[in-house]
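[1] With the sequence up front, the predicted model follows.
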Amino acid sequence: MPPGLAGRKTAPTSMMSPKVYRPTMEEFSDFMGFIKKIELEDNAQEAGFCKVIPPKEWIPRRSGYDLNDLNFTIEGPIKQKFQNVGEPGCYQTKGIIQPKMTVVEYNKMVHTSKYAPPANSGYDDLEKKYWKSVGYCSPIYGADVSNTISDPDLTIWNIAKLDSILKYVSDDLDMSIQGVNTPYLYFGMWKATFSWHVEDMDLYAINMVHSGAPKTWYCVPPKYGHKLERACRELFPNIAANCSNFMRHKTCLLAPRILDKYGVPYQKMHQEEREIIVVFPYAYHSGFNHGFNIAESTNFATERWIEYGKRARPCGKFIHSHFSKSSFFVQKFNFDFL
């Protein structure tokens, strides 16, 4: 146990709980206005993330989710291995690229007994079973599929066409940065995991489960991000020694009890079908899927992000270098990368 961290407890009682919003269609129709309003009036960003439950009349895909109509090719499914590092609950994540497969093939694999989720009595029970079994039977994640399944004529909260200052990158520079100002699809299964990370350049993120099983999310509020970084430097010294920005590698997975032990405040939410999670700048997050699902995600930015962007420390191995170094941002937003 690293001296100085042992015995610390988490979560000051004053820590804000994540908000859950159920906007009317009128409130929902202005994406950027909605984000700015919940920050200004509710300080939603203090919790690091929030949930948005869209109005029932909002339909992102009118034709539904028949997999025969969504038969994309997953070019590089990732087999995830979680190697215990030190005490139980502390894992290093490693991804092994698998042969490409179609979504229909992936779905058939997911529903075999090998990958099926265990019988459970609810979210808390399934979470316990996830952490007890995370080191066994490696899941395969159909992550980072560059595409969208939202209707092209969808004008409200279309993840592929969000109203964001990142539009300037597309419109002024004719530059597409996959997963940043373009959407990614994620085809999940039981235990498919996203390890602790912040977004590229500490951007906002949006994630919607189009169809299928829920996700469980953990999030460290931005003002406590340094606590997670310090704990991970202690727990993963070999990784930390090789890169000062190793947390952007998405290889550190810590169970809630480890966060508690090391005094890292965090919040938890479950995301169900048609629900949207918004992650705010410099909010570390991780989580796992409960079973087969289809999610769509991208990054976005408001003017509030600019100060975060100036201070972000990109890792050259994992960030789009043309994004972090672009003179366009320096000129457009008076950027001065530190």
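    Arrived safely, thanks for sending. Numbering: from 1, shown residues only.

[2] Identify the residue spatially nearest to residue 286, adjacent ones excluded.
    Using Cβ to Cβ, 6 or more residues apart in numbering and skipping the chain neighbours, the partner closest in space to residue 286 is residue 196 (4.5 Å). The C-beta positions use only the backbone N, C-alpha and C, and glycine is treated the same way.

[3] Tell me who's in contact with residue 25.
    Neighbouring residues of residue 25 by Cβ atoms under 8 Å, 6 or more residues apart in numbering: 55, 57-58.

[4] what's the pLDDT at it?
    Note on residue 25: pLDDT of 98.

[5] so how far is residue 35 from it?
    In this view, residue 25 and residue 35 are 17 Å apart by Cβ to Cβ, to the nearest Å.

[6] partner residues bridging residue 219?
    residue 267, residue 285 (DSSP bridges).

[7] so who does it touch?
    Residue 219 makes contacts with 18, 47-49, 266-269, 279, 283-285, as judged by Cβ under 8 Å, 6+ apart.

[8] Put together TSV for the residues you listed, with neighbour count and pLDDT on each row.
    Output for the contacts of residue 219, formatted as TSV (neighbours: other Cβ atoms under 10 Å; pLDDT from 0 to 100):
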residue	neighbour count	pLDDT
18	19	95
47	21	97
48	30	97
49	25	98
266	23	97
267	20	96
268	13	97
269	21	97
279	23	98
283	25	98
284	25	98
285	24	98
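
[9] What segments of the protein are helices?
    Ranges of helices within the chain are 25-28, 31-42, 103-110, 123-133, 167-173, 225-235, 237-242, 256-261, 305-311, 321-325, 327-333, based on DSSP state H.

[10] Give me the buried stretch members for the second one, please.
    Spelled out, that is helix 31-42. Buried residues in helix 31-42, defined by neighbour count with 16 or more other Cβ atoms under 10 Å: 31, 34-35, 38-39.

[11] Find out how far that helix is from the centre of the chain, if you would.
    Relative to its chain's centre, helix 31-42 lies at 20 Å (Cα atoms, centre = their mean, to the nearest Å).

[12] go on, the first one?
    Here the centre of mass of C-alpha atoms in helix 25-28, compared against the chain's by Cα atoms, centre = their mean, lies 25 Å away.

[13] And for the fourth one?
    Helix 123-133 has its average C-alpha position 20 Å from the chain's average C-alpha position, going by Cα atoms, centre = their mean.

[14] So which elements touch it?
    Using 3 or more Cβ pairs under 8 Å, 6 or more residues apart in numbering; DSSP states H and E, the elements in contact with helix 123-133 are strand 215-220.

[15] show me where pLDDT drops low in the stretch 1-150 of the chain?
    Along the stretch 1-150 of the chain, segments meeting pLDDT under 70 span 1-14.

[16] What ranges does it have for its strands?
    20-21, 49-52, 73-74, 78-84, 90-97, 101-102, 140-146 (DSSP state E, counting those that start in this stretch).

[17] repeat for the stretch 151-300 of the chain
    Using DSSP E, counting those that start in this stretch, strands in the stretch 151-300 of the chain cover 184-188, 193-197, 204-212, 215-220, 252-254, 267-271, 276-279, 284-289, 293-300.

[18] tilt between the longest one and strand 184-188?
    It refers to strand 204-212. 50 degrees (axes from the mean of the first three to the mean of the last three Cα atoms, to 10 degrees).

[19] So which residues make contact with strand 204-212?
    For strand 204-212, using Cβ under 8 Å, 6+ apart, the contacting residues are 35, 60-61, 65, 149, 159, 162, 188, 199, 215, 271-281, 291-302, 305.

[20] which of those count as buried?
    35, 60-61, 149, 159, 162, 188, 199, 215, 271, 275-281, 291-302, 305.

[21] mind listing what's buried in stretch 57-70?
    By 16+ other Cβ under 10 Å, the buried positions in stretch 57-70 come out as 60-61, 67, 70.

[22] contacting residues around that stretch?
    Counting by Cβ under 8 Å, 6+ apart, 25, 28, 103-104, 107, 149-151, 154, 156-158, 208, 210-211, 294 sit against stretch 57-70.

[23] between the residues you listed, which is closest to residue 248?
    residue 208 (23.5 Å; Cβ to Cβ).
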